[in-house]
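> sequence unknown, structure follows:
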């Protein structure tokens, strides 16, 4: 998606430790008008997949997930990262390692909101090693729902989480795939 | 907002410990088509306030905040609850007690995303004691921005956080104000 690549080049910043910072438009401050274009693109890519539910993970997946769900006129379910007293005990859960935070979270979805009748599109902002997606896919499988595919805004292609999922036959669509980046030059190159 | 009150009566559940559970449409599974109606109502209520930025707090404020920001064609900024290596050291922060979780979080907004030129509308899903709003208002004041007001979806009127803010001259609009509820009968009554 050219508009996204341009925005990454114009507004993104590369930091030491393999960090691509796009918090000015994607995951701290959110450019909601731009996000609508992102959501429309995901709808175009998955519109023939029979999607009736969008699944994402808190926190930065929620804004994009909500807009994608609105495009599909279906509910969004977001997986929660810690147990609160507002979550029913009856949940699907999976352990997810966070590359960014260096922590492991238990992510949970109430059993009331995913079941075998569902056809699920998983949406997230970033795909690197694929840990978050693998946890969400695990939850979809636990529920008996079927997986329509995974859509992520920015994939770090050189960490190969996306390639691994594609090799399993899962439809994974990323709107920009970063093939390399350098915090020394600030240069970012994309996969064709 | 009658549509919201009806939805609370039809789909909400009251639990012991002062919990109104609306996670089937507002804060776990999200009815995004319905949320658009919510966002339009907030736009109607604040459209003359010169809003150029919407501020919310992760996680359950994000979906509604994103849609409200889209209505105003302005950015959404969401305050983060814990320090990650993707957050700049240069942040505004405030301590927020969570009534639901029984914890205190340090919430943070990067100084890059709020400044004295901004006119901020704060959006959140719930208002009870007003702790989250007070923390966000503190952050707005730290930034030198001006506060257009606060919009919350459901206010627990009997906990008086909203009344306290209104008494300070802040424009606070809640789309449904619960005046009482009982986990024994399941009954919910609204303020007129």
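Now that the structure is in, tell me what you want to look at. None of the values given here were measured: they were computed from a predicted structure.
> where do the helices sit along chain A?
Assigned by DSSP state H, chain A shows helices spanning A:2-11, A:32-46, A:62-72, A:131-143, A:161-167.
> out of those, deepest packed?
Highest mean neighbour count of the helices of chain A: helix A:62-72, a mean of 27 (counted as mean count of other C-beta atoms under 10 Å in any protein chain shown). Placement of C-beta: from N, CA and C, glycine included.
> helices and strands around that one, which ones?
Applying 3 or more C-beta pairs under 8 Å, 6 or more residues apart in numbering or on different chains; DSSP states H and E, one finds that helix A:62-72 contacts helix A:32-46, strand A:53-57, strand A:76-79, strand A:119-127, helix B:32-46, helix B:62-72.
> for residue A:113, which of the ones you listed is the nearest?
Among the helices and strands packed on helix A:62-72, strand A:76-79 comes nearest to residue A:113, with 4.7 Å by C-beta to C-beta.
> show me what that closest one is packed up against.
Applying 3+ C-beta pairs under 8 Å, 6+ apart, we find strand A:76-79 packed against strand A:53-57, helix A:62-72, strand A:103-110, helix A:131-143, strand B:29-30.
> among these, which is nearest residue A:26?
Ranking those by distance to residue A:26, with C-beta to C-beta as the measure, places helix A:62-72 first at 7.9 Å.
> grab the nearest non-local neighbour of the residue nearest the centre of chain A.
Closest to where the C-alpha atoms of chain A average out (C-alpha atoms, centre = their mean) is residue A:124, at 1.2 Å. Spatial nearest neighbour of residue A:124, chain neighbours left out: residue A:61 (4.6 Å); criterion: C-beta to C-beta, 6 or more residues apart in numbering or on different chains.
> what sits against that neighbour?
By C-beta atoms under 8 Å, 6 or more residues apart in numbering or on different chains, residue A:61 lies in contact with A:78, A:123, A:124, A:125, A:132.
> out of those residues, which is nearest to residue A:39?
Ranked by distance to residue A:39 (C-beta to C-beta), those are led by residue A:123 at 8.9 Å.
> look at the closest one and say how many residues are nearby.
Counted with other C-beta atoms under 10 Å in any protein chain shown, the neighbours of residue A:123 add up to 30.
> measure it to residue A:28 for me?
Residue A:123 sits 18 Å away from residue A:28, going by C-beta to C-beta, to the nearest Å.
> equivalent analysis for residue A:19, please.
According to C-beta to C-beta, residue A:19 stands 13 Å off from residue A:28.
> more neighbours, those two?
Using other C-beta under 10 Å as the criterion, residue A:19 and residue A:28 rank with residue A:28 on top: 27 against 14.
> what's the closest non-adjacent residue to that one?
In this structure, residue A:28 finds its nearest non-sequential neighbour in residue B:110, 5.9 Å apart by C-beta to C-beta, 6+ apart.
> so that neighbour touches residue B:89, yeah?
No - using C-beta atoms under 8 Å as the test, residue B:110 is too far from residue B:89 to be in contact (9.5 Å).
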